[in-house]
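Visitor: Below are the sequence and a predicted model; questions follow.
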Amino acid sequence: MEGMLFITIVIVLAALAFDLINGFHDTANAIATSVSTKALKPKHAIILAATMNFIGAVSFTGVAKTITKDIVDPFALDNGQIVILAALIAAIAWNLITWYFGIPSSSSHALIGSIAGAAIAAAGFGAIEYSGFIKILIGLVVSPFLAFAVGYLIYTLFKIFLKNLNLSTTNRRFRLLQIATAALQSYSHGTNDAQKSMGIITMALIAGSFQSTDDVQLWVQVSCALAMAIGTSIGGWKIIKTVGGKIMKIKPVNGVAADLSSVIVIFGATFIHLPVSTTHVISSSILGVGTSHRVKGVKWDTAQRMIITWIITLPISATIAAVLFFLLNLFL
(Lines give C-alpha, C1' and ligand atoms only; values in the text may rest on other atoms or scores of the structure.)
Protein backbone atom coordinates (compact mmCIF):
# COMPACT_ATOMS: atom_id res chain seq x y z
CA MET A 1 0.00 0.00 0.00
CA GLU A 2 2.91 2.35 0.79
CA GLY A 3 4.37 1.63 -2.67
CA MET A 4 1.05 2.47 -4.33
CA LEU A 5 0.80 5.69 -2.34
CA PHE A 6 4.34 6.67 -3.38
CA ILE A 7 3.63 6.05 -7.07
CA THR A 8 0.32 7.93 -6.79
CA ILE A 9 2.12 10.96 -5.32
CA VAL A 10 4.69 10.80 -8.14
CA ILE A 11 1.86 10.65 -10.71
CA VAL A 12 0.10 13.64 -9.14
CA LEU A 13 3.33 15.66 -9.26
CA ALA A 14 3.97 14.58 -12.87
CA ALA A 15 0.39 15.51 -13.84
CA LEU A 16 0.81 18.95 -12.28
CA ALA A 17 4.13 19.32 -14.14
CA PHE A 18 2.31 18.42 -17.36
CA ASP A 19 -0.30 21.09 -16.58
CA LEU A 20 2.41 23.65 -15.86
CA ILE A 21 4.15 22.86 -19.17
CA ASN A 22 0.76 22.92 -20.90
CA GLY A 23 0.32 26.40 -19.44
CA PHE A 24 3.32 27.92 -21.19
CA HIS A 25 3.08 25.59 -24.21
CA ASP A 26 -0.60 25.81 -25.18
CA THR A 27 -1.76 29.00 -23.48
CA ALA A 28 0.72 30.89 -25.63
CA ASN A 29 -1.69 30.19 -28.48
CA ALA A 30 -4.56 31.85 -26.62
CA ILE A 31 -2.80 35.20 -26.31
CA ALA A 32 -0.65 35.11 -29.46
CA THR A 33 -2.99 37.19 -31.63
CA SER A 34 -3.53 39.92 -29.01
CA VAL A 35 0.21 40.20 -28.35
CA SER A 36 1.13 40.27 -32.05
CA THR A 37 -1.31 43.14 -32.76
CA LYS A 38 -0.15 45.01 -29.63
CA ALA A 39 -3.70 44.95 -28.23
CA LEU A 40 -2.07 43.76 -25.02
CA LYS A 41 1.45 44.08 -23.71
CA PRO A 42 3.01 40.64 -23.15
CA LYS A 43 3.04 41.03 -19.36
CA HIS A 44 -0.62 42.07 -19.23
CA ALA A 45 -1.61 39.31 -21.67
CA ILE A 46 0.04 36.68 -19.50
CA ILE A 47 -1.65 37.95 -16.31
CA LEU A 48 -5.02 37.97 -18.08
CA ALA A 49 -4.48 34.50 -19.54
CA ALA A 50 -3.35 33.01 -16.22
CA THR A 51 -6.38 34.41 -14.39
CA MET A 52 -8.91 33.32 -17.01
CA ASN A 53 -7.31 29.89 -17.35
CA PHE A 54 -7.69 29.32 -13.61
CA ILE A 55 -11.35 30.36 -13.66
CA GLY A 56 -12.03 28.17 -16.69
CA ALA A 57 -10.26 25.18 -15.15
CA VAL A 58 -12.45 25.13 -12.03
CA SER A 59 -15.68 25.66 -13.98
CA PHE A 60 -16.15 22.22 -15.54
CA THR A 61 -15.26 18.53 -15.02
CA GLY A 62 -16.95 16.77 -17.96
CA VAL A 63 -13.80 16.56 -20.11
CA ALA A 64 -11.86 15.19 -17.11
CA LYS A 65 -14.35 12.33 -16.76
CA THR A 66 -14.00 11.55 -20.47
CA ILE A 67 -10.20 11.28 -20.10
CA THR A 68 -10.63 9.13 -16.97
CA LYS A 69 -12.82 6.42 -18.48
CA ASP A 70 -13.09 6.70 -22.28
CA ILE A 71 -9.52 5.80 -23.36
CA VAL A 72 -8.87 2.86 -21.01
CA ASP A 73 -10.85 1.44 -18.10
CA PRO A 74 -8.94 2.43 -14.94
CA PHE A 75 -10.93 -0.11 -12.90
CA ALA A 76 -9.76 -3.04 -15.04
CA LEU A 77 -6.19 -2.08 -15.95
CA ASP A 78 -3.35 -4.07 -14.37
CA ASN A 79 -0.22 -2.03 -13.60
CA GLY A 80 -2.50 0.99 -14.03
CA GLN A 81 -0.30 3.40 -12.14
CA ILE A 82 2.80 2.51 -14.16
CA VAL A 83 0.74 2.96 -17.35
CA ILE A 84 -0.31 6.43 -16.23
CA LEU A 85 3.20 7.45 -15.14
CA ALA A 86 4.73 6.29 -18.44
CA ALA A 87 2.05 8.22 -20.36
CA LEU A 88 2.68 11.43 -18.43
CA ILE A 89 6.46 11.29 -18.85
CA ALA A 90 6.07 10.65 -22.60
CA ALA A 91 3.61 13.54 -23.03
CA ILE A 92 5.84 15.90 -21.05
CA ALA A 93 8.88 14.90 -23.14
CA TRP A 94 7.07 15.53 -26.44
CA ASN A 95 5.72 18.87 -25.20
CA LEU A 96 9.20 20.04 -24.23
CA ILE A 97 10.71 18.91 -27.55
CA THR A 98 8.11 20.79 -29.62
CA TRP A 99 8.29 23.84 -27.32
CA TYR A 100 12.08 23.96 -27.74
CA PHE A 101 11.70 24.14 -31.51
CA GLY A 102 8.78 26.61 -31.27
CA ILE A 103 6.29 24.27 -32.94
CA PRO A 104 2.63 24.61 -31.82
CA SER A 105 2.12 20.88 -31.22
CA SER A 106 -0.88 19.44 -29.39
CA SER A 107 -0.62 18.56 -25.69
CA SER A 108 -3.95 16.75 -26.08
CA HIS A 109 -2.66 14.52 -28.87
CA ALA A 110 0.51 13.85 -26.89
CA LEU A 111 -1.38 12.88 -23.74
CA ILE A 112 -4.05 10.74 -25.42
CA GLY A 113 -1.49 9.00 -27.65
CA SER A 114 0.72 8.35 -24.63
CA ILE A 115 -2.11 6.82 -22.58
CA ALA A 116 -3.04 4.54 -25.49
CA GLY A 117 0.58 3.53 -26.14
CA ALA A 118 1.33 2.71 -22.49
CA ALA A 119 -1.96 0.79 -22.09
CA ILE A 120 -1.30 -1.29 -25.22
CA ALA A 121 2.21 -2.07 -23.95
CA ALA A 122 0.72 -3.19 -20.63
CA ALA A 123 -2.27 -5.25 -21.78
CA GLY A 124 -2.40 -5.37 -25.57
CA PHE A 125 -4.86 -3.70 -27.92
CA GLY A 126 -7.78 -5.07 -25.92
CA ALA A 127 -6.99 -2.55 -23.17
CA ILE A 128 -8.37 0.33 -25.27
CA GLU A 129 -12.00 1.40 -24.79
CA TYR A 130 -12.59 1.69 -28.53
CA SER A 131 -16.00 3.38 -28.46
CA GLY A 132 -14.73 6.23 -26.28
CA PHE A 133 -11.28 6.35 -27.92
CA ILE A 134 -12.73 6.62 -31.44
CA LYS A 135 -15.10 9.36 -30.25
CA ILE A 136 -12.11 11.30 -28.88
CA LEU A 137 -10.13 10.77 -32.11
CA ILE A 138 -13.04 12.00 -34.22
CA GLY A 139 -13.20 15.16 -32.07
CA LEU A 140 -9.46 15.72 -32.45
CA VAL A 141 -9.61 15.27 -36.24
CA VAL A 142 -12.84 17.19 -36.93
CA SER A 143 -12.22 20.20 -34.66
CA PRO A 144 -9.39 21.78 -36.75
CA PHE A 145 -11.47 21.57 -39.93
CA LEU A 146 -14.45 23.02 -38.10
CA ALA A 147 -12.29 25.83 -36.68
CA PHE A 148 -10.94 26.59 -40.18
CA ALA A 149 -14.49 26.75 -41.57
CA VAL A 150 -15.79 28.93 -38.72
CA GLY A 151 -12.80 31.26 -39.02
CA TYR A 152 -13.33 31.59 -42.77
CA LEU A 153 -17.05 32.29 -42.29
CA ILE A 154 -16.68 34.83 -39.47
CA TYR A 155 -14.02 36.83 -41.30
CA THR A 156 -16.09 36.74 -44.51
CA LEU A 157 -18.98 38.26 -42.54
CA PHE A 158 -16.61 40.85 -41.06
CA LYS A 159 -15.54 41.88 -44.58
CA ILE A 160 -19.17 42.33 -45.64
CA PHE A 161 -20.24 44.41 -42.64
CA LEU A 162 -17.03 46.46 -42.31
CA LYS A 163 -16.26 47.16 -45.97
CA ASN A 164 -17.41 50.81 -45.86
CA LEU A 165 -15.67 51.71 -42.58
CA ASN A 166 -12.35 53.46 -42.17
CA LEU A 167 -9.64 50.80 -41.82
CA SER A 168 -7.49 52.52 -39.19
CA THR A 169 -10.51 53.40 -37.01
CA THR A 170 -11.84 49.86 -37.32
CA ASN A 171 -8.51 48.34 -36.32
CA ARG A 172 -8.24 50.70 -33.33
CA ARG A 173 -11.68 49.66 -32.08
CA PHE A 174 -11.02 46.00 -32.71
CA ARG A 175 -7.75 46.24 -30.79
CA LEU A 176 -9.83 47.07 -27.70
CA LEU A 177 -12.24 44.26 -28.53
CA GLN A 178 -9.30 41.89 -28.73
CA ILE A 179 -8.75 42.22 -24.98
CA ALA A 180 -12.19 40.70 -24.40
CA THR A 181 -11.71 37.96 -26.99
CA ALA A 182 -8.27 37.09 -25.54
CA ALA A 183 -9.90 36.71 -22.12
CA LEU A 184 -12.59 34.46 -23.60
CA GLN A 185 -9.95 32.49 -25.47
CA SER A 186 -7.96 31.87 -22.27
CA TYR A 187 -11.11 30.96 -20.34
CA SER A 188 -12.15 28.42 -22.98
CA HIS A 189 -8.62 26.97 -22.92
CA GLY A 190 -8.91 26.42 -19.17
CA THR A 191 -12.31 24.73 -19.51
CA ASN A 192 -10.84 22.06 -21.80
CA ASP A 193 -7.10 21.66 -21.39
CA ALA A 194 -6.72 21.78 -17.61
CA GLN A 195 -9.30 19.03 -17.26
CA LYS A 196 -7.06 16.53 -19.02
CA SER A 197 -4.65 16.44 -16.08
CA MET A 198 -7.60 16.25 -13.70
CA GLY A 199 -8.72 13.13 -15.55
CA ILE A 200 -5.23 11.63 -15.34
CA ILE A 201 -4.99 12.20 -11.57
CA THR A 202 -8.46 10.71 -11.11
CA MET A 203 -7.34 7.65 -13.12
CA ALA A 204 -4.33 7.27 -10.81
CA LEU A 205 -6.49 7.53 -7.69
CA ILE A 206 -8.81 4.82 -9.05
CA ALA A 207 -5.92 2.57 -10.13
CA GLY A 208 -4.37 2.94 -6.67
CA SER A 209 -7.73 2.15 -4.98
CA PHE A 210 -7.87 5.60 -3.37
CA GLN A 211 -11.32 6.30 -4.81
CA SER A 212 -14.05 4.19 -6.39
CA THR A 213 -15.85 6.67 -8.70
CA ASP A 214 -14.83 8.87 -11.61
CA ASP A 215 -15.78 12.06 -9.75
CA VAL A 216 -13.09 14.76 -9.82
CA GLN A 217 -12.19 15.83 -6.30
CA LEU A 218 -12.03 19.54 -5.45
CA TRP A 219 -8.33 19.48 -4.52
CA VAL A 220 -7.59 17.95 -7.94
CA GLN A 221 -9.49 20.74 -9.70
CA VAL A 222 -7.80 23.53 -7.75
CA SER A 223 -4.26 22.11 -7.95
CA CYS A 224 -4.51 21.53 -11.74
CA ALA A 225 -5.96 25.02 -12.24
CA LEU A 226 -3.12 26.56 -10.20
CA ALA A 227 -0.46 24.59 -12.09
CA MET A 228 -1.82 25.76 -15.43
CA ALA A 229 -2.06 29.37 -14.21
CA ILE A 230 1.56 29.27 -13.00
CA GLY A 231 2.67 27.74 -16.30
CA THR A 232 0.83 30.46 -18.17
CA SER A 233 2.62 33.13 -16.15
CA ILE A 234 5.97 31.75 -17.36
CA GLY A 235 4.97 32.35 -20.98
CA GLY A 236 5.80 30.51 -24.19
CA TRP A 237 7.42 33.17 -26.33
CA LYS A 238 8.66 30.86 -29.12
CA ILE A 239 5.14 29.57 -29.75
CA ILE A 240 3.61 33.05 -29.44
CA LYS A 241 6.03 34.15 -32.17
CA THR A 242 5.01 31.26 -34.46
CA VAL A 243 1.25 31.54 -33.97
CA GLY A 244 1.18 35.33 -33.82
CA GLY A 245 3.31 36.10 -36.83
CA LYS A 246 4.54 33.08 -38.78
CA ILE A 247 1.14 31.88 -40.04
CA MET A 248 -0.03 35.24 -41.37
CA LYS A 249 0.37 38.93 -40.60
CA ILE A 250 -2.38 39.48 -38.02
CA LYS A 251 -4.29 42.74 -37.65
CA PRO A 252 -6.83 43.40 -34.87
CA VAL A 253 -9.81 42.52 -37.12
CA ASN A 254 -8.15 39.22 -38.05
CA GLY A 255 -7.29 38.54 -34.43
CA VAL A 256 -10.85 39.07 -33.18
CA ALA A 257 -12.25 36.81 -35.90
CA ALA A 258 -9.72 34.06 -35.09
CA ASP A 259 -10.31 34.35 -31.33
CA LEU A 260 -14.10 34.18 -31.69
CA SER A 261 -13.84 31.18 -34.02
CA SER A 262 -11.67 29.15 -31.69
CA VAL A 263 -13.75 30.11 -28.63
CA ILE A 264 -16.91 28.81 -30.35
CA VAL A 265 -15.29 25.47 -31.22
CA ILE A 266 -13.55 24.93 -27.85
CA PHE A 267 -16.64 25.87 -25.81
CA GLY A 268 -18.74 23.58 -27.97
CA ALA A 269 -16.36 20.68 -27.30
CA THR A 270 -16.29 21.40 -23.56
CA PHE A 271 -20.09 21.37 -23.32
CA ILE A 272 -20.28 17.92 -24.92
CA HIS A 273 -17.41 16.69 -22.68
CA LEU A 274 -15.03 16.18 -25.59
CA PRO A 275 -11.29 16.91 -25.31
CA VAL A 276 -9.95 18.80 -28.30
CA SER A 277 -6.58 20.26 -29.12
CA THR A 278 -6.72 23.97 -28.38
CA THR A 279 -3.48 24.33 -30.36
CA HIS A 280 -5.06 22.82 -33.46
CA VAL A 281 -8.25 24.81 -33.05
CA ILE A 282 -6.55 28.19 -32.58
CA SER A 283 -4.02 27.66 -35.37
CA SER A 284 -6.74 26.40 -37.75
CA SER A 285 -8.93 29.41 -36.93
CA ILE A 286 -6.06 31.70 -37.92
CA LEU A 287 -5.56 29.72 -41.13
CA GLY A 288 -9.28 30.03 -41.93
CA VAL A 289 -9.27 33.77 -41.29
CA GLY A 290 -6.09 34.16 -43.34
CA THR A 291 -7.54 32.22 -46.27
CA SER A 292 -10.67 34.38 -46.21
CA HIS A 293 -8.56 37.56 -46.01
CA ARG A 294 -5.99 36.70 -48.66
CA VAL A 295 -4.85 33.20 -49.59
CA LYS A 296 -1.39 34.35 -50.64
CA GLY A 297 -0.98 36.12 -47.28
CA VAL A 298 -0.90 32.80 -45.43
CA LYS A 299 2.57 31.36 -44.86
CA TRP A 300 1.73 27.84 -45.98
CA ASP A 301 5.22 26.48 -45.31
CA THR A 302 4.72 27.19 -41.58
CA ALA A 303 1.24 25.69 -41.76
CA GLN A 304 2.63 22.57 -43.46
CA ARG A 305 5.28 22.13 -40.74
CA MET A 306 2.61 22.45 -38.05
CA ILE A 307 0.30 19.94 -39.74
CA ILE A 308 3.11 17.38 -40.08
CA THR A 309 3.82 17.76 -36.35
CA TRP A 310 0.13 17.27 -35.55
CA ILE A 311 0.03 14.04 -37.61
CA ILE A 312 3.14 12.48 -36.07
CA THR A 313 2.36 13.44 -32.46
CA LEU A 314 -0.02 10.52 -31.73
CA PRO A 315 2.20 7.67 -32.99
CA ILE A 316 5.43 9.14 -31.63
CA SER A 317 4.03 9.86 -28.15
CA ALA A 318 2.41 6.37 -28.10
CA THR A 319 5.75 4.75 -28.97
CA ILE A 320 7.66 6.74 -26.36
CA ALA A 321 5.07 5.83 -23.71
CA ALA A 322 5.22 2.12 -24.62
CA VAL A 323 9.01 2.07 -24.28
CA LEU A 324 8.81 3.97 -20.98
CA PHE A 325 6.21 1.50 -19.66
CA PHE A 326 8.55 -1.45 -20.24
CA LEU A 327 11.44 0.42 -18.57
CA LEU A 328 9.39 1.54 -15.56
CA ASN A 329 7.86 -1.90 -15.19
CA LEU A 330 11.33 -3.38 -14.77
CA PHE A 331 12.02 -1.17 -11.76
CA LEU A 332 8.57 -0.55 -10.25
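Guide: Okay, I see it.
Visitor: Low-confidence stretches in the stretch 151-300 of the chain?
Guide: 167-168, 235-248 (pLDDT under 70).
Visitor: before we move on, what SS does the residue of the chain most remote from its centre have?
Guide: No residue in the chain sits farther from the centre than residue 164, which is 37.7 Å out by CA atoms, centre = their mean. Applying DSSP: H, G, I helix; E, B strand; the rest coil to residue 164 yields a three-state assignment of coil.
Visitor: Quick check: it vs residue 170, distance?
Guide: 10 Å (CB to CB, to the nearest Å). The way it works is simple: take the backbone N, C-alpha and C, and place the C-beta from them, glycine included.
Visitor: coming back round to it: and the residue farthest from the centre of the chain, how far from residue 289?
Guide: According to CB to CB, residue 164 and residue 289 sit 20 Å apart.
Visitor: Could you do residue 84 as well?
Guide: Taking CB to CB, one finds residue 84 at 38 Å from residue 289.
Visitor: Please enumerate the helices of the stretch 51-200 of the chain.
Guide: In the stretch 51-200 of the chain, the helices defined using DSSP state H, counting those that start in this stretch lie at 62-69, 80-100, 107-123, 130-162, 167-207.
Visitor: most tightly surrounded among these?
Guide: Of the helices of the stretch 51-200 of the chain, the one with the most neighbours on average (mean count of other CB atoms under 10 Å) is helix 107-123, at a mean of 27.
Visitor: Centre of the chain to it, how far?
Guide: Once both centres are worked out by CA atoms, centre = their mean, to the nearest Å, helix 107-123 turns out to sit 16 Å from its chain's centre.
Visitor: same deal with stretch 119-126?
Guide: The chain centroid and the centroid of stretch 119-126 are separated by 25 Å under CA atoms, centre = their mean.
Visitor: And stretch 199-216, by the same measure?
Guide: Worked out by CA atoms, centre = their mean, stretch 199-216 lies 22 Å from the chain centre.
Visitor: now swap in stretch 180-200 and tell me
Guide: Relative to where its chain is centred, stretch 180-200 has its mean C-alpha point 8 Å off (CA atoms, centre = their mean).
Visitor: Kindly report the same for stretch 314-323.
Guide: Chain-centre distance of stretch 314-323: 18 Å, with CA atoms, centre = their mean.
Visitor: One more: stretch 291-307?
Guide: Centroid separation for stretch 291-307 versus its chain: 21 Å, with CA atoms, centre = their mean.
Visitor: ok, now stretch 132-142?
Guide: How far stretch 132-142 lies from its chain's middle: 14 Å, per CA atoms, centre = their mean.
Visitor: And the contacts of it?
Guide: 66, 69-71, 106, 108-109, 112, 116, 269, 274-277, 280 (CB atoms under 8 Å, 6 or more residues apart in numbering).
Visitor: confidence score at residue 308?
Guide: Per-residue confidence (pLDDT) for residue 308: 82.
Visitor: Please name the residues that touch it.
Guide: Contacts of residue 308 by CB under 8 Å, 6+ apart: none found.
Visitor: and the gap between it and residue 275?
Guide: 22 Å.
Visitor: same deal with residue 220?
Guide: 16 Å.
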